[in-house]
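**Q** next input, structure requested:
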Amino acid sequence: MNLYLPDSTIYCSNVNDSTIINTTMTNSTILRSYVKGKNLIGMWIEDSWVDPTYGNSSGYSRISADSNVTDSSVWYSNVTDRSNVYDSGVNYSSVTHSNLVTTLTLNSTIKESSISYSTVKSSVVTGSTIPNATLTNTTVTNTQFCANIEAMDAVIIDNRMTSGYIIYKGITYSTPTNITAMCSLMNNNDTVPPVINRIWNTTAVYAGQPADFSINATDNVGIANITVNGTLATWIGGDVWTNTINVPGSDGIYRWLVTAMDYAGNTADRYISINVNTSNDPNVTIDLNPPIIGPIFPTSATLNKPLNLSANVSDDTEVTNCTLFINGNPVANMTDSLPSASATVKANWTFGAIGDYAVHAGCYDAFDNWAEGIDVMVSVKEAVITGGGGGAGGPIWTPSITVNVHSPIIIDIGTTGVFTTHVSVSGMTDATNVQLTVSGVPYTYSVTPQSATIKAGSSETFTIYMVVPDTAQPGTNHIKIIATSAQGLTGSGEADLIIKMPGQMIENVTNQTNATQPVTPTTPTTPSGLAGALLAASTNPLTAIGVMLAVIGLLGWLWYKKPELFRRKKTDGGEA
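**A** Residues are numbered from 1 along each chain as shown. Reported below is the predicted structural model:
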């Protein structure tokens, strides 16, 4: 339906389930009309009064799809979908499911309008212009984000937020001026506080006179406001605010609390500290920086064993005293080496329960500036290395690692020897990780597994592979097999390592071991009698000496028992 209705009055009409398209209304009044389920699409409404639902709570007109509303009063209407509203009063209107500013939709322009008692629901608000507008008693529900709203000569009054935040920088201007208002609409899930990056004086500071200070602060969502001792600082652009403080004229240390708040209500604090001493020139000293607190160390502790918890601290003046915090609670003073501009502070503490604890230090400087370090998790476990006391009459644990290995270990030259070692852990109530090494061995070796976690009262078998090259010489080495736990506890076992030629006989060897599976070398068959003795003598000097002595002894016995064997026989020519 295309209509041109100049200077018309539509009064007390029933327009049911109709769609009005491309209609121009000039100086018209739509008053007390019953409009139900209507779409007003592409309408140009000039100098008109649009009140389609007066007296009919069930009737709403929908101004949508590129509609233009100029110099009109729009009451009780749904205004959605890229509508343009010029010089209009938008009162008691519901702005729903739109991409709009605090009041209307994406890229809508609201000029010299009174936007009162309106509701913006489920909207994404961004990039709109509100020149000469007055926003009064506006409620925003479930709106997610709002940025870069340009408000010229705007007055923004009493905005309310449900399930979100709407805060403007530069809320009210009583004189005509151009400002850029920034807002951010977020849900309540933001828990990240702002960061006050820097505070500095922009004018000279004297006792008894005002001084200007600037504050730089940032936030993941945006800074809503900054206060200095409860007084709002002035936003001057970017991430900078300014504030004037009145410096007292009498001697003393004075402090001003600077608080930055983001749109979710998270806050961060810093201080401006001024020491007034009228007998000096200059008569004030300024401290704008709190102490710097390093993380707590060490990060592991043994149950019921005292431990020094330490932190490195520093300040541009000096650190005066520090406090140890465990799970957010102050528990001990950390005043070692203080006061000092740089120090390592300590507190002796005993943890009485197993678990993980959030631990940090907090410190004051000479100007009473306070700072706290970040939480570090300290893990507390039962005694593993030094053991634990069982209390009166309780057991005293003596942790130990035992290494069992057979001796001797016999390996042929030119082969890879394989032998096992058994490692057991006792005297503790926890498991420990153990690694194995071999000392005193001149050859390449490997261990399987490389490490193992062994529970108290149990053992683990390690297999050692040792490569003896062809160039090795026969002989005996004394080796030590060492087991080391992750906590530094050690145990060892010793053995003789005999390196021999292939086929060589090893005599008078006794295996000394409490290992379950001792390794016994395979001995090949060798000739017996004199041939065997000579073969043995050819490969072992000790055997050669033994054979020589045996031969000499045999000859002596034969000389005594059968001397005739050593006499020369007679011949026809006489005695030999």
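**Q** got the CA coordinates for the longest strand along the chain in PDB?
**A** The longest strand of the chain (DSSP state E) is strand 307-326. Output of strand 307-326 as PDB, limited to C-alpha atoms (Å, rounded to 0.1, in the frame of the first residue of the first chain):
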ATOM      1  CA  LEU A 307      61.300 -24.000  56.100                       C
ATOM      2  CA  ASN A 308      62.700 -20.500  55.300                       C
ATOM      3  CA  LEU A 309      60.300 -18.900  52.800                       C
ATOM      4  CA  SER A 310      62.100 -16.000  51.000                       C
ATOM      5  CA  ALA A 311      61.400 -13.200  48.500                       C
ATOM      6  CA  ASN A 312      63.500 -10.500  46.800                       C
ATOM      7  CA  VAL A 313      62.200  -7.000  47.400                       C
ATOM      8  CA  SER A 314      63.200  -3.500  46.300                       C
ATOM      9  CA  ASP A 315      62.000   0.100  46.300                       C
ATOM     10  CA  ASP A 316      63.100   3.500  45.000                       C
ATOM     11  CA  THR A 317      63.300   4.700  48.600                       C
ATOM     12  CA  GLU A 318      63.600   1.700  50.900                       C
ATOM     13  CA  VAL A 319      61.500  -1.300  52.100                       C
ATOM     14  CA  THR A 320      60.700  -1.000  55.700                       C
ATOM     15  CA  ASN A 321      58.800  -4.100  56.600                       C
ATOM     16  CA  CYS A 322      57.200  -7.200  55.000                       C
ATOM     17  CA  THR A 323      54.600  -9.800  55.800                       C
ATOM     18  CA  LEU A 324      54.200 -13.400  54.700                       C
ATOM     19  CA  PHE A 325      50.800 -14.300  53.400                       C
ATOM     20  CA  ILE A 326      49.500 -17.900  53.100                       C
END
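**Q** packing partners of it?
**A** Other helices and strands packing on strand 307-326, by 3 or more CB pairs under 8 Å, 6 or more residues apart in numbering; DSSP states H and E, are strand 292-293, strand 329-333, strand 340-349, strand 355-365. C-beta: built from backbone N, CA, C; applies to glycine.
**Q** save those as TSV, and put in mean neighbour count and mean pLDDT too.
**A** Formatted as TSV, these follow (neighbours: other CB atoms under 10 Å; pLDDT from 0 to 100):
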stretch	mean neighbour count	mean pLDDT
strand 292-293	19	92
strand 329-333	12	94
strand 340-349	17	91
strand 355-365	20	94
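**Q** between those strands, which one is closest to residue 243.
**A** strand 355-365 (22.0 Å; CB to CB).
**Q** ok, then the element right after the closest one?
**A** Helices and strands here follow DSSP states H and E; after strand 355-365, the next one along the chain is strand 370-372.
**Q** following element in sequence after that following strand, please.
**A** Toward the C-terminus, strand 370-372 is succeeded by strand 376-381 as the next helix or strand (DSSP H and E).
**Q** what is the rounded mean pLDDT of that following strand?
**A** Averaging pLDDT along strand 376-381 yields 92.
**Q** if we can go back for a sec, could you list the buried residues of the longest strand of the chain?
**A** 307, 309-315, 317-320, 322-326 (16 or more other CB atoms under 10 Å).
**Q** how about stretch 472-481: buried residues?
**A** In stretch 472-481, counting by 16+ other CB under 10 Å, buried: 472, 479, 481.
**Q** and the contacts of the helix or strand hosting the second one?
**A** For residue 479, the enclosing helix or strand under DSSP H and E is strand 475-485. Defining contact as CB atoms under 8 Å, 6 or more residues apart in numbering, one finds that strand 475-485 is touched by 384-385, 401, 403, 405, 408-409, 421, 423, 425, 432-442, 464, 490-499.
**Q** what's the first helix or strand after the least confident helix or strand in the chain by mean pLDDT?
**A** Every helix and strand of the chain was ranked by mean pLDDT, DSSP states H and E. The lowest is strand 178-181, at a mean of 32. Using DSSP H and E, the helix or strand that follows strand 178-181 in sequence is strand 195-201.
**Q** what is the very next helix or strand once past that next one packed up against?
**A** On the C-terminal side of strand 195-201, the nearest following helix or strand under DSSP H and E is strand 210-218. Counting contacts by 3+ CB pairs under 8 Å, 6+ apart, strand 210-218 packs against strand 195-201, strand 223-228, strand 240-246, strand 252-262.
**Q** tell me which residues in the last one are buried?
**A** Counting neighbours by 16+ other CB under 10 Å, one finds that the buried residues in strand 252-262 are 254, 256, 258, 259, 260, 261, 262.
**Q** ok, those vs residue 364, which is closest?
**A** residue 254 (15.6 Å).
**Q** ok, that closest one to residue 272 distance?
**A** Separation of residue 254 from residue 272 (CB to CB, to the nearest Å): 9 Å.
**Q** each with direction, which strands does the strand holding residue 479 pair with?
**A** strand 432-439 (antiparallel), strand 490-500 (antiparallel) (DSSP bridges).
**Q** want to throw those strands into a markdown table with distance to residue 555?
**A** Listed next are the strands paired with strand 475-485 as a markdown table, based on distance: least, CB to CB, whole Å:
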| stretch | distance to residue 555 |
| --- | --- |
| strand 432-439 | 49 |
| strand 490-500 | 32 |
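**Q** need those in CSV with mean pLDDT and distance to residue 333, can you?
**A** Below are the strands paired with strand 475-485 laid out as CSV (pLDDT from 0 to 100; distance: least, CB to CB, whole Å):
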stretch, mean pLDDT, distance to residue 333
strand 432-439, 84, 35
strand 490-500, 88, 38
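**Q** low pLDDT regions in the stretch 151-300 of the chain?
**A** Counting by pLDDT under 70, the stretch 151-300 of the chain contains low-confidence ranges at 151-190, 263-264.
**Q** point out where the stretch 401-550 of the chain drops to low pLDDT.
**A** For the stretch 401-550 of the chain (pLDDT under 70), the answer is 428-430, 487, 507-547, 550.
**Q** would you map the strands across it?
**A** Secondary structure of the stretch 401-550 of the chain by DSSP state E, counting those that start in this stretch: the strands cover 409-412, 416-426, 432-439, 444-448, 451-454, 459-467, 475-485, 490-500.
**Q** closest to residue 451 out of the strands paired with strand 475-485?
**A** Per CB to CB, nearest to residue 451 of those: strand 432-439, 4.5 Å.
**Q** what's the angle from the closest one to strand 444-448?
**A** Calculated by axes from the mean of the first three to the mean of the last three CA atoms, to 10 degrees, strand 432-439 forms an angle of 160 degrees with strand 444-448.
**Q** return strand 432-439 as PDB; C-alpha atoms alone will do.
**A** Extracted as PDB, the C-alpha positions of strand 432-439 are listed here (Å, rounded to 0.1, in the frame of the first residue of the first chain):
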ATOM      1  CA  THR A 432      60.500 -41.600  44.900                       C
ATOM      2  CA  ASN A 433      61.900 -41.500  41.400                       C
ATOM      3  CA  VAL A 434      65.300 -43.300  41.000                       C
ATOM      4  CA  GLN A 435      68.000 -43.100  38.300                       C
ATOM      5  CA  LEU A 436      70.900 -45.500  37.900                       C
ATOM      6  CA  THR A 437      74.600 -44.700  37.000                       C
ATOM      7  CA  VAL A 438      77.800 -46.800  36.900                       C
ATOM      8  CA  SER A 439      81.100 -45.500  38.000                       C
END
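**Q** ok, residue 313 - contacts?
**A** Contacts of residue 313 by CB under 8 Å, 6+ apart are 291, 292, 293, 294, 319, 322, 342, 343, 344, 345, 361, 363.
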